[in-house]
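Participant: coords below, sequence missing:
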């Protein structure tokens, strides 16, 4: 059997037992597993090892090398792209051939393709959350200096994140990285996105047997509008007087509410004398997830973390643990007495595959009950009601 050149990140299998002398389209191997997947431009297989499930995507060497390089660098800049694991080069095959190379990535857990979100000829009540997720991802990528070049619904995977939907970039063969992107590069990327989304929505309408005039062709334009508003929010300069320090705290708090960490605040004097120009340098969109991990050791997606932090704060205030002196004890009490017992029950009965999302769904149901009744509902009662109601989520 011919063996290719393999470049593999430490901590993963060597993948030497796979039949690399054949195109992945022809593989018949006991490591191959079926996983949720969308439409692929290139041949893709999923392989299972003790370390987890991996995605092997076959494509010409130049594109494979570019995708691997971009995804590797993005690991240091954002958390919304598929984690790269390896690059495969079949030296005996012409580099322009589809099966000359392959990129190996980790399978992104709890994800699904966009067609699972379709309701009728569009996305129904999930539409707003979908466009928020795509716009938010594009903002994060552009802040990281990444020009995508092929943003489409098919080149993303999605997963529930509390009451939101998180989009994850899985295709980077046409992407490139810069220290910063120009406005022209960002707007060009948005134009590609709008064209791709319009085509996909037209395809959905055709599959449903309706005319193109009924297709949701404005989805890309609405993603762009959401993107532009968020970009302005993150990058707008603020003019303040020297005694308005509270407005700096308010600006940072607003960005943190959006999930973004703040790396630096730049304050420059103006010609007005008493006025200062404030410019914020925004970091990754993981403020709440980082804070949750620091406080509790729990790993969660950004909006999940925001909901869990809210539940933790409610518990601390309700039980007298709000002061700094008692917070550590209160966090332990919440973990051992509330979160872990409920998650343990969720694991045994909930049909979903992400127990953290299950806990968020439970919190949402508890809030609904409290709103309807006009008073707090205890966890045991809310949990029983959630189970008996068929585990309702945020939809």
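Facilitator: Noted; the coordinates are in hand. Because the structure is predicted, anything quoted here is derived from the model rather than measured.

Participant: paired strands for the helix or strand harbouring residue 54, with orientation please.
Facilitator: Residue 54 is part of strand 52-59 when elements are defined by DSSP states H and E. In the sheet, strand 52-59 lines up against strand 44-49 (antiparallel), strand 101-106 (antiparallel) (DSSP bridges).

Participant: now the strands: where do they sit in the stretch 151-300 of the chain?
Facilitator: In the stretch 151-300 of the chain, strands defined by DSSP state E, counting those that start in this stretch lie at 156-161, 164-169, 176-177, 238-241, 262-269, 275-282, listed in chain order.

Participant: now the fifth one: mean pLDDT?
Facilitator: Same thing as strand 262-269. Computed over strand 262-269, the mean pLDDT rounds to 82.

Participant: which positions within it qualify as buried?
Facilitator: residue 262 (16 or more other Cβ atoms under 10 Å). Using the backbone N, CA and C atoms, a C-beta is placed for each residue, glycine as well.

Participant: show me what it packs onto, helices and strands only.
Facilitator: helix 245-257, strand 275-282 (3 or more Cβ pairs under 8 Å, 6 or more residues apart in numbering; DSSP states H and E).

Participant: so which of these is nearest residue 6?
Facilitator: strand 275-282 (37.2 Å; Cβ to Cβ).

Participant: direction included, what does that closest one pair against?
Facilitator: Using DSSP bridges, strand 275-282 pairs in its sheet with strand 238-241 (antiparallel), strand 262-269 (antiparallel).

Participant: what residues of it count as buried?
Facilitator: For strand 275-282, by 16+ other Cβ under 10 Å, it's 276, 278, 280, 282.

Participant: next: stretch 11-21.
Facilitator: 12, 13, 15, 18, 20.

Participant: try stretch 330-349
Facilitator: Those would be 330, 331, 334, 335, 338, 339, 342, 343, 346, for stretch 330-349 by 16+ other Cβ under 10 Å.

Participant: now that stretch: average pLDDT?
Facilitator: Stretch 330-349 comes out at a mean pLDDT of 95.

Participant: output the below-cut-off pLDDT ranges for the stretch 251-395 of the chain.
Facilitator: For the stretch 251-395 of the chain, the stretches with pLDDT under 70 are 273.

Participant: touching, residue 122 and residue 208? I think so.
Facilitator: No. Contact between residue 122 and residue 208 fails when scored by Cβ atoms under 8 Å: they sit 9.4 Å apart.

Participant: sorry, back to before: of all the buried residues of stretch 330-349, which comes closest to residue 255?
Facilitator: The nearest member of those to residue 255, counting by Cβ to Cβ, is residue 331 at 24.8 Å.

Participant: could you measure from the closest one over to residue 308?
Facilitator: Taking Cβ to Cβ, to the nearest Å as the measure, residue 331 falls 11 Å from residue 308.

Participant: give me the common contacts of the two.
Facilitator: residue 296 (Cβ atoms under 8 Å, 6 or more residues apart in numbering).

Participant: flag every buried residue along the longest helix anywhere in the chain.
Facilitator: Assignment by DSSP state H gives helix 183-207 as the longest helix of the chain. By neighbour count with 16+ other Cβ under 10 Å, helix 183-207 contains the buried residues 185-186, 189-190, 192-194, 196-198, 200-201, 204-205.

Participant: closest one of those residues to residue 96?
Facilitator: The closest of these to residue 96 turns out to be residue 192 (Cβ to Cβ; 23.7 Å).

Participant: so who does that closest one touch?
Facilitator: 148, 149, 150, 151.

Participant: again, only this time at 10 Å
Facilitator: By Cβ atoms under 10 Å, 6 or more residues apart in numbering, the residues touching residue 192 are 147, 148, 149, 150, 151, 152, 174, 220.

Participant: looking at these, which are in helices?
Facilitator: Using DSSP H, the contacts of residue 192 in helices are residue 220.

Participant: avg pLDDT for the strand holding residue 54?
Facilitator: 95.

Participant: which parts of the following helix or strand past it are buried?
Facilitator: Sequence-wise, the next helix or strand downstream of strand 52-59 (DSSP H and E) is helix 61-74. Using 16+ other Cβ under 10 Å as the test for burial, helix 61-74 gives 61, 63-74.

Participant: strands paired with whatever helix or strand comes next after helix 61-74, and their directions?
Facilitator: Sequence order places strand 84-89 as the next helix or strand after helix 61-74, per DSSP H and E. Note on strand 84-89: by DSSP bridges, its sheet partners are strand 5-8 (antiparallel), strand 101-106 (antiparallel).

Participant: brilliant, that's me finished.
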